[in-house]
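Chemist: Pasting a predicted model and its sequence here:
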Amino acid sequence: MRFYSTLSISQKQIVWAWAFLALPVIFYVVIRFYPTANAFVLSFQEWNLLSDRTFVGLENYHRLFSDPVFWKVFQNTFMYLILGTPISLVLSFIIAYHLDKVRFMHGTIRALYFLPFMTSAVAMAWVWRWFYQPVPIGVFNNFLASLGFGQIQFLNSTTNALPSVLACAVWAGLGFQVIIFMAGLRAIPQSYYEAARIDGVSTWTVLTEITIPLLRPTIVFLVVFSSIGFLRIFDQVFNMTTNNPGGPLNSTKPLVLLIYDTAFNGFNMGYAAAQTVVLFTILLVVSLLQLRLLKDR
Amino acid sequence: MATVSIRNLVKAYGKVEVLHGISLDVADGEFVVFVGPSGCGKSTTLRMIAGLEDITGGEIHIGGRLVNNLEPKDRDIAMVFQNYAIYPHMSVRKNIGFGLRTSKMSKADKQKRIDEVAGILGMTDLLERRPNQLSGGQRQRVAIGRAMVRNPAVFLFDEPLSNLDAQLRTQMRLEIKKLHQRVGNTIIFVTHDQVEAMTMADRIVIMKDGYIQQVGTPLEVYHRPANIFVAQFIGAPSMNMLPGTWTGGGVQFADGVGVKLPARKASEGTGVVLGLRPDDLLVTKEKGLFSGTVNIVEPLGADTLVYVGVNGHEVIAKASGREPPKVGQTVELSADAGEMHLFDARSGEALP
Amino acid sequence: MATVSIRNLVKAYGKVEVLHGISLDVADGEFVVFVGPSGCGKSTTLRMIAGLEDITGGEIHIGGRLVNNLEPKDRDIAMVFQNYAIYPHMSVRKNIGFGLRTSKMSKADKQKRIDEVAGILGMTDLLERRPNQLSGGQRQRVAIGRAMVRNPAVFLFDEPLSNLDAQLRTQMRLEIKKLHQRVGNTIIFVTHDQVEAMTMADRIVIMKDGYIQQVGTPLEVYHRPANIFVAQFIGAPSMNMLPGTWTGGGVQFADGVGVKLPARKASEGTGVVLGLRPDDLLVTKEKGLFSGTVNIVEPLGADTLVYVGVNGHEVIAKASGREPPKVGQTVELSADAGEMHLFDARSGEALP
Amino acid sequence: VEIEYWQYFFEARLDAMEKLIENFEAANPDITVKMTHFPYDSYRTKVAAAIPAGQGPDVVQLFYGWLNDYVEAELIQPLPADTFPPEKIEEEFFPMVQAMRIGDSYWALPTAVRSLALFYNERMFADAGIENPPANLDELVEFAKKLTQKDGAGNLTAVGLTTGMTAQDHHWIREVLIPQFGGEPYVDNYRTVNYNNEAGLEAFTFYNDLQAKHGVTKAAFMDEPQAAFKAGRAGMHIDGSFRIGALEDVRGLKWGVAELPAGPDGTKSNYASYWVNAITSKAEGEKFDASVKFMEYLTSDEAMQIWIEIVGELPAKPSAAMTEENISDPVYGPFIKGLDYARTTVFANESAQRQVMVDMMQRIEFEGQSVEESVAQAAEEEQKILDEYYKK
Amino acid sequence: MANQDLAIKASTDTLFSGSSRQPRRNAGQLVRWLLLFGGGVLMVMPIVFMISTSLKFPFEVYNLNLIPEEPTLENYTYVLEDGRFYRWFVNSLVISVVTTASAVFFDALVGYALCKFRFPGRYLVFIAILSTLMIPTEMLVIPWYLMSKSFGWLDTYWGIMFPGVMTAFGTFLMKQFFETVPDDFLEAARIDGLNEFQIWWQVAMPLVRPALAALAIFVFLGNWTAFIWPLIVTNSADMYTLPVGLSSFGDEVDVAWELIMTGAAISTLPTLLVFLIFQRFIIRGVVMAGLKG
Ligand SMILES: Nc1ncnc2c1ncn2[C@@H]1O[C@H](COP(=O)(O)OP(=O)(O)OP(=O)(O)O)[C@@H](O)[C@H]1O
Ligand SMILES: Nc1ncnc2c1ncn2[C@@H]1O[C@H](COP(=O)(O)OP(=O)(O)OP(=O)(O)O)[C@@H](O)[C@H]1O
Ligand SMILES: [Mg+2]
Ligand SMILES: [Mg+2]
């Protein structure tokens, strides 16, 4: 205590900061960083859970980078990212933008959009899977057929399956993004819009020159979090392609599913760890890049 | 250039009526200032003129045209907001140019116009800066520039100076005044600072609780306030108010002291209030109207404000800055009969 | 009750030094006001006294005790923040009582103390309200109450009035002054409004860019400013400054006009600046010091400010409120020799 | 003594096991058995996480394909030869159980086994005027054509025969069709792939032609083959005995079971798989003894009969299976008959090897690869998996 | 303060009136409403379908008709009559509530420390915490399992809960929220003699109460639906959480979709209630964060 009282204000702050962080730091180190470090070490080892671990050097990485499936999966993962993030952001922005201007039953409509975020991914994936079926039962194809269009193979196709799965993922996450966007919209001072009204500029100009630029912090926040989300996509893919996870022909398989598969079907923990390290690196690089953008104002 | 005329303007938010039917005519090129305490409806009136709020009742004409249902952009007005509302993500040039978005000018003409306005406001050097690189006063000028660039018939200002510190405020007051003298547009200016109102207005509109209390030139409202509210609102420090009874030839106070006054439109025995501005109530050496004990002394430099206890009331008087009286001293106060204001105690109306 | 003494106080944020070693002694029970333009380091000084910022160099003693490394709560001080910092989620009673959290008083004693303070501030009726049900002035009083309740040796105020409108500001100024007179604690008060400084302070400390420019009573700094900066900062409108050359017996201006002055500590031919307060520069009927053309007229009620162009300079002078000159008119300006201030043009220091 | 027993969750299995435990405990009052169960989907993950950590049961239920891993990691111990003499087991059990013998001892034994059969929709058969289930592959194709239904736009509304690699078809091809076309899917004790040859190609071509040439089916029609059959939109469906329970629940569906159609030269083949019980290395001393007793009971005829009654799975011993009653049972009969000529495969990585099959058919369907190429590629991929696994 | 108060008041006003934007009462407004409402209805179609399936007998499940031919509550009675269901429900509730409380507490604590204290290593700690979002749970369960085993946490509530007692997402969110709390409030309290912990708890926390509510919903949702870890760490059916329990309706050969849908419908109810009660706070809370970098 005597020692404490001789500290300067900023030194006392440091003491307090670490007092606040002490327990959490222990937690993060033991519960999060240790397993992570473990995964890094494991990525240089071979282990099938049952036997002993043995060091194999870079073999797992070597094998990974020479595996065409990995590159396919890598490509898929980025497809989820570069399709999913913009599509979901644009959609949720459009919804939030208009919902913000609606008064009647506002709360109810908002709840409608948020509801999918709350329901079980397993159950919903099943429903979507059936919606996508060909004609006798599939809702979408029945609809197309009733309009006289040809059928579309949604899930049973190497080209359409990934977008189809993605649609379900976008759907599930939309409500969360809508809510955040609406909050961001609400935070823009009204007087900016009034000033623009007096200047008589078009709605489009207001949208592109005022609303969107001022919404940038919100947008970047969502970009970071939805990017992490899409790069880590798993639930929807796994549940919509249960019979052939990541199929057909690996066309929907994301990195996390590959990891899951390697770890819990192949029980090749070292190899799975190497994949995890790759995923970790991608995520960290993408997030740090985006956070940089967030800072730059 | 345009006249603005307001007829029985009523505004209600839901069931709450906040403007109770006000009427006003603003001449072409006139500088009108709305003052009043917070919440009296100044901004609401201004925003209805601008077309930002629905009109509940009554009519607004600008340049002779009924504008009740016109979009703001069709009213030929520009508005400067209290918080500037300049876009943080645009350079000064873009902010000013924003007002020209819808204009049919050529690009080169627009740039010329922006440069011109920037020149008038003395911010040619700042055109490429972002708002966060500007000081408060400069930001305010950008907001004014954005309004000016379109050269509208009517300028609307909503407390544009209240976020500035005292020095900047004085300076901007001057610039707006000069602007008005140069371009001659009609200006409606809202403030709750009576010094601003006094120094800038051709005419002052004093509002309270959604009613207009008085409309007049600064000297009129200062020297001939229509009622107690106006008398106290205009002038700082506030006018001293001394309640008494009208005796026919003067005012009789509770403590027996009396003040002689010329005849007024009041019947004998009415409760009245005598109003005396601190500026007119001077600490004198000779015997004056009242005498009292000095409670507080506020030196202002040239003058000194003296708070004097006079029979239970505290009044503010003025003494010279050089030899101010001391706290606890007994002083004499005198005033010129021409500077005394008399009000009906019940209605608050002036008794001329 | 305590003295505050500051020795060579230095503050640096990273590599940027914002306070360059200031020293000051505040006597027990004194009311000291810090003024200065935005960014000059007033708040920083105050916050270092409060113990909210690290001290980079120098020492602070409160009541004779070195407090450099003491926690704020051990310094026997209280502070009122510019934006009040009253907690929106607590009632007025809780807000005021917050200062007593750590005190060892019994619960009943605490309630008594809160009631007492509320009584002094005249807000006994408001004790159960939430801050959002209060007006600006009332909130300010809550903030002051929270500081008072602990009865600290030293009160620190950081621009407590700058968010209030003009009327409220005047009123609060008075209340703080009364509070000081009643309880007699040492008060250090920060503002950038020189009127506040003039009316409240026992002594004023004028700062600029991290240096103290002058320390003195209000009358001293008004009548004997130490340099051009102080001369222009104190008094509104600002002192007029006319550059010329010292002739030994007076000042010679570029246009040939000259003004006679008693001898000063300056060698002949030095560049000097003649300072004249608008309050001392009067529009007269007779021939005065200068003559010029009226550019702008600002009626203030009792007086009128007149902006007069005098050989390329614009000076501000005062005319009576009743018969103000008109724009464009040529007027004569005169001033008393005793009210003329002379400064060295190079250093800005006063030449006594 | 208390011993712990783990299995995956399936209601009927649970009921059956409870009954068995009850009987066992009645016979051995000094032993209690604590049963724990986990969702099927994650049973393997769960077991794999728990046992290495020294957690978990004394007796555990495993899929037969996992055995090698567990033996190698010394997580289970051999069944004591005095109680379970290998010769006796080979004599009593169906031959496919021999996969559980490593070296001189057996490491695990099943209570029940499953095999494949052909389910058919009786109403659709009647509507199409078909009287008997197909006896051979030619009839299969012929009947399937009759059963297939299309709408005006040419879209399939009902398939003659369900196909879907993700269900049981990979077994049908590997363990049934290839031998029927004269091949042998693996040689060298399941360590070498052997279907990239004429017989293999014929088998795969036959399978692929069902959809590509005859148009009597569509892979993933209604997403899952059994769903199509359940919904009455498939004439025939090849599936395992474990499907019986689920189909019994479907109201309004009349179905029959037949043995798998015979090959071109009349060869019959079938695939059998099973879950086994094993004693973990954790069980020592009296727990081990108790576990052995428990294992003994689980492999008794009595237990097998209870099992088929409650779960509907086929007894692992001919003595229990080939009873008159069972063989003549219209539902179990075809499955039990199939057991006689059923074969099994020892997998290195069951799911990866299945995936190779899945991908092979999908390459043909989606990428237009020829059957030859696709089969060659699949053989190569699968061989790689095997090599990797057995190189240790 | 005055301005900020007004802003907060304005934003709450607009929240409760639905919108602050000037409504233009014209056809465009109606079209917008119809489109939005239609979109909302489309959004919930899969959920409606889920409910519809939960009301079907197994034989009808694959018919994919929206309105069951023979609606039945049998699935609900089946699920609810299963004694274990209540046990799972209670487990889930206990775990979600406790974990939520803990995560909100610690996330706020860490977020506050990262936001309001200047200390060396601040950014590093922040990035390190954020980086934990980048490892899939699947890779962590084995080390966690071994850890739980050596501490004897297997098959206990604490074992299920411990990985979730702090979250990186919440820490980041709370850090943003605390940015909006003016330092003056904290400094005033410091002068009034509170220690830093008291300042956080008594002054800062009440000021971000709406934010805490928002975070609570997100965390609750996350725990309520967590699957893989609860599965791995529990051994006895008595300790299952609802998602783990419900997943046993799928078995080796077949999945009883009508039961899964029933379970999903039932387990959505509590989250829906939590959302409906707190949804106004979600918006207010996030508004306060202002989402400034
Ligand atoms: N959206 C609204 N809903 C309900 N009442 C409102 C609304 N806007 C303003 N008011 C009320 O209308 C009255 C007039 O408000 P207005 O903004 O015109 O005041 P003001 O004179 O501009 O005050 P200030 O000087 O504080 O800006 C106030 O009492 C205010 O509470
Ligand atoms: N945290 C900080 N980091 C860096 N510079 C700072 C910081 N805080 C203050 N300064 C700088 O220190 C100087 C003094 O600031 P201070 O707040 O004391 O000014 P002030 O006199 O109170 O001004 P105002 O009247 O605007 O409140 C300013 O130039 C300011 O930019
Ligand atoms: Mg206003
Ligand atoms: Mg300051």
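Modeler: That came in fine, so what should we check first? Ligands and ions are numbered 1, 2, ... in the order given.
Chemist: OK, contacts around A:Ser226?
Modeler: A:Ser226 sits next to A:84-85, A:88-89, A:173, A:177 when contact means CB atoms under 8 Å, 6 or more residues apart in numbering or on different chains. Every C-beta, even on glycine, is put in place using the N, C-alpha and C of the backbone.
Chemist: just A:Val256 next, same as before
Modeler: Each residue near A:Val256 by CB under 8 Å, 6+ apart is listed here: A:232-234, A:279, E:136, E:138.
Chemist: at 7 Å instead, please
Modeler: By CB atoms under 7 Å, 6 or more residues apart in numbering or on different chains, A:Val256 lies in contact with A:232-234, A:279, E:136.
Chemist: cool, and D:Gln383?
Modeler: D:Val193.
Chemist: for chain B, longest helix please?
Modeler: Determined from DSSP state H, the single longest helix within chain B is helix B:166-183.
Chemist: before we move on, back to that, list just the nearest of the contacts of A:Val256 to C:Leu127.
Modeler: Nearest to C:Leu127 out of the contacts of A:Val256 is A:Arg232 (CB to CB; 53.6 Å).
Chemist: Can you tell me the closest non-neighbouring residue to the closest one?
Modeler: What sits nearest to A:Arg232 in space, not counting adjacent residues and going by CB to CB, 6 or more residues apart in numbering or on different chains, is A:Val256, at 5.5 Å.
Chemist: I'd like the distance from whichever strand or helix holds that neighbour to the chain centre, please.
Modeler: In the assignment (DSSP states H and E), A:Val256 maps to helix A:255-264. Using CA atoms, centre = their mean, to the nearest Å, the distance from the centre of helix A:255-264 to the centre of the chain it belongs to is 17 Å.
Chemist: any idea which helix or strand comes after that helix?
Modeler: Counting by DSSP H and E, the next helix or strand C-terminal to helix A:255-264 is helix A:269-295.
Chemist: Can you list the low-confidence ranges for the chain?
Modeler: No chain in the question, so chain A it is. A:1-2, A:50, A:187, A:294-297 (pLDDT under 70).
Chemist: Wait, chain E was what I had in mind.
Modeler: For chain E, the stretches flagged by pLDDT under 70 are E:1-25, E:64, E:180, E:248-255, E:281-293.
Chemist: what's the distance between D:His171 and chain A?
Modeler: D:His171 sits 15 Å away from chain A, going by CB to the nearest CB, to the nearest Å.
Chemist: how about the residue nearest to that residue when sequence neighbours are not counted, secondary structure?
Modeler: Distances taken as CB to CB, 6+ apart put D:Tyr271 closest to D:His171, at 4.1 Å, once the chain neighbours are dropped. Counting by DSSP: H, G, I helix; E, B strand; the rest coil, the backbone at D:Tyr271 sits in strand.
Chemist: Can you get me a residue count around D:Tyr271?
Modeler: By other CB atoms under 10 Å in any protein chain shown, 24 other residues sit near D:Tyr271.
Chemist: which residues in the stretch 1-150 of chain D form helices?
Modeler: D:11-27, D:43-50, D:67-72, D:86-92, D:122-127, D:137-147 (DSSP state H, counting those that start in this stretch).
Chemist: does D:Gly245 sit in a helix or strand, and which one?
Modeler: In the assignment (DSSP H and E), D:Gly245 maps to helix D:243-248.
Chemist: ditto for B:Lys112
Modeler: helix B:107-121.
Chemist: now for the very next helix or strand once past that helix, which elements pack on it?
Modeler: Next in sequence after helix B:107-121, counting helices and strands by DSSP H and E, comes helix B:136-148. With contacts taken as 3 or more CB pairs under 7 Å, 6 or more residues apart in numbering or on different chains; DSSP states H and E, helix B:136-148 sits against strand B:77-80, helix B:92-97, helix B:107-121, helix B:166-183.
Chemist: how about 10 Å then?
Modeler: Other helices and strands packing on helix B:136-148, by 3 or more CB pairs under 10 Å, 6 or more residues apart in numbering or on different chains; DSSP states H and E, are helix A:190-199, strand B:77-80, helix B:92-97, helix B:107-121, strand B:154-158, helix B:166-183.
Chemist: For D:Ala16, find the nearest of the ones you listed.
Modeler: If you check each of those against D:Ala16 by CB to CB, helix A:190-199 wins as the nearest, at 69.5 Å.
Chemist: Let me know the angle separating the closest one from helix B:136-148.
Modeler: Relative orientation of helix A:190-199 and helix B:136-148, computed by axes from the mean of the first three to the mean of the last three CA atoms, to 10 degrees: 30 degrees.
Chemist: tell me what helix A:190-199 is packed against?
Modeler: helix A:203-205, helix B:42-50, strand B:77-80, helix B:136-148, helix E:2-17.
Chemist: The host helix or strand of B:Ile22 relative to helix B:42-50, how many degrees between them?
Modeler: Here B:Ile22, judged by DSSP H and E, is contained in strand B:16-26. For strand B:16-26 against helix B:42-50, the angle by the same axes, to 10 degrees is 60 degrees.
Chemist: quick one: strand B:16-26 near ligand 1?
Modeler: Yes - using CB under 6 Å from any ligand atom, strand B:16-26 reaches ligand 1 at B:16, B:18.
Chemist: and that strand, what does it pack onto?
Modeler: If you count contacts as 3+ CB pairs under 10 Å, 6+ apart, strand B:16-26 packs onto strand B:4-13, strand B:31-35, helix B:42-50, strand B:57-62, strand B:186-190, strand B:203-208, strand B:211-216.
Chemist: Take the ones you listed and write them to a markdown table, including distance to ligand 1 and mean neighbour count.
Modeler: Listed next are the helices and strands packed on strand B:16-26 as a markdown table, based on distance: least, CB to the nearest ligand atom, whole Å; neighbours: other CB atoms under 10 Å in any protein chain shown:
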| stretch | distance to ligand 1 | mean neighbour count |
| --- | --- | --- |
| strand B:4-13 | 3 | 18 |
| strand B:31-35 | 8 | 24 |
| helix B:42-50 | 3 | 23 |
| strand B:57-62 | 15 | 18 |
| strand B:186-190 | 6 | 25 |
| strand B:203-208 | 7 | 23 |
| strand B:211-216 | 12 | 19 |
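Chemist: can these go into JSON lines with extra columns for mean pLDDT?
Modeler: Compiled in JSON lines, the helices and strands packed on strand B:16-26 are given as follows (pLDDT from 0 to 100):
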{"stretch": "strand B:4-13", "mean pLDDT": "92"}
{"stretch": "strand B:31-35", "mean pLDDT": "94"}
{"stretch": "helix B:42-50", "mean pLDDT": "90"}
{"stretch": "strand B:57-62", "mean pLDDT": "92"}
{"stretch": "strand B:186-190", "mean pLDDT": "93"}
{"stretch": "strand B:203-208", "mean pLDDT": "93"}
{"stretch": "strand B:211-216", "mean pLDDT": "94"}
